[in-house]
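Student: Structure for this input, please:
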Amino acid sequence: MELERKRGISISSTVLQFDYQGYRLNLLDTPGHKDFSEDTYRVLTAVDSVVMVIDSAKGIEPQTRKLFEVCRQRGVPIFTFMNKCDRPMKDPLALLDELEHVLGIGAFPVNWPIGNGFEFRVCLTARRNKCTCSSAPRAANTVRRCRSADCMNELIRGRLDDATFHRTVEELEMIEHAGHEWDDAAVLADKTTPVFSAAPSTISASSSCSTGS
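Tutor: Prediction:
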């Protein structure tokens, strides 16, 4: 719509239907702006799950809290997507903590942002036994199965400064031992949300890895 192009936001819901691994999925893109939230509320009465998109620089905004409460009241499973990681963003551990304390839901990081802003990388955690990295925005990703230490040393170490490398190792160890475990029942019961992180230029590559995990 011309108005959407001018304002740079969605003002009405859009439906995309596609097949995936024997299932037919209906993806509904809803407005996130508070001025058009009534349309979003109506859509939430008909969906099986939602993807909650959070700006990694701003964190959880007031409108996100309202929509989350609607999902919680209806028992709709939530998948969280931390967007715009290729821009200056909040500390990823702080984002997880905010998600758990502000919204009161357990968070399971499916992948993990490495670097900040232009130096953004993505590395899947050791619990997924897989590593995917992007050397720069729009660059091709490398996917391989290996131990986390091998990933860090072989695929990422040479691309990061010492401080970023050691901080990332500590973060991965923390979420490996102190984070929530994957539990299908907890996700369906709206008690845990899988958390994905990516930049707009790496969404396709990250999503292809995540869905297979």
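Student: mind listing the helices in this protein by residue range?
Tutor: 2-7, 37-43, 62-74, 92-103, 148-151, 162-178, 184-188, 203-211 (DSSP state H).
Student: so where is this structure shaky, pLDDT-wise?
Tutor: Confidence mapping of the chain against pLDDT under 70 gives the ranges 4, 7-9, 11, 32-37, 121-159, 178-179, 200-213.
Student: picking up where we left off before, how about the helices of the chain, which one is nearest Pro194?
Tutor: helix 184-188 (6.5 Å; Cβ to Cβ). Just so you know, the C-beta spots here come from the backbone N, C-alpha and C atoms, and that holds for glycine as well.
Student: Can you spell out which helices and strands pack onto the closest one?
Tutor: strand 192-197 (3 or more Cβ pairs under 8 Å, 6 or more residues apart in numbering; DSSP states H and E).
Student: strands paired with the strand it packs on, and their directions?
Tutor: Note on strand 192-197: by DSSP bridges, its sheet partners are strand 78-83 (parallel), strand 106-109 (parallel).
Student: Quick one: the ones you listed as CSV, columns for distance to Ile60 too.
Tutor: Shown next, in CSV, are the strands paired with strand 192-197 (distance: least, Cβ to Cβ, whole Å):
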stretch, distance to Ile60
strand 78-83, 10
strand 106-109, 12
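Student: Dump the helices of the chain into JSON lines; add mean neighbour count and distance to Val15 as well.
Tutor: Listed next are the helices of the chain as JSON lines, based on neighbours: other Cβ atoms under 10 Å; distance: least, Cβ to Cβ, whole Å:
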{"stretch": "helix 2-7", "mean neighbour count": "9", "distance to Val15": "15"}
{"stretch": "helix 37-43", "mean neighbour count": "14", "distance to Val15": "9"}
{"stretch": "helix 62-74", "mean neighbour count": "15", "distance to Val15": "18"}
{"stretch": "helix 92-103", "mean neighbour count": "17", "distance to Val15": "27"}
{"stretch": "helix 148-151", "mean neighbour count": "17", "distance to Val15": "38"}
{"stretch": "helix 162-178", "mean neighbour count": "14", "distance to Val15": "35"}
{"stretch": "helix 184-188", "mean neighbour count": "13", "distance to Val15": "23"}
{"stretch": "helix 203-211", "mean neighbour count": "15", "distance to Val15": "19"}
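Student: Surely Gly115 touches Leu160?
Tutor: Yes. If you go by Cβ atoms under 8 Å, Gly115 and Leu160 touch, sitting 6.6 Å apart.
Student: hmm, back to that, between the helices of the chain, which gets nearest to Asp19?
Tutor: That would be, of the helices of the chain and by Cβ to Cβ, helix 203-211, which comes in at 13.5 Å.
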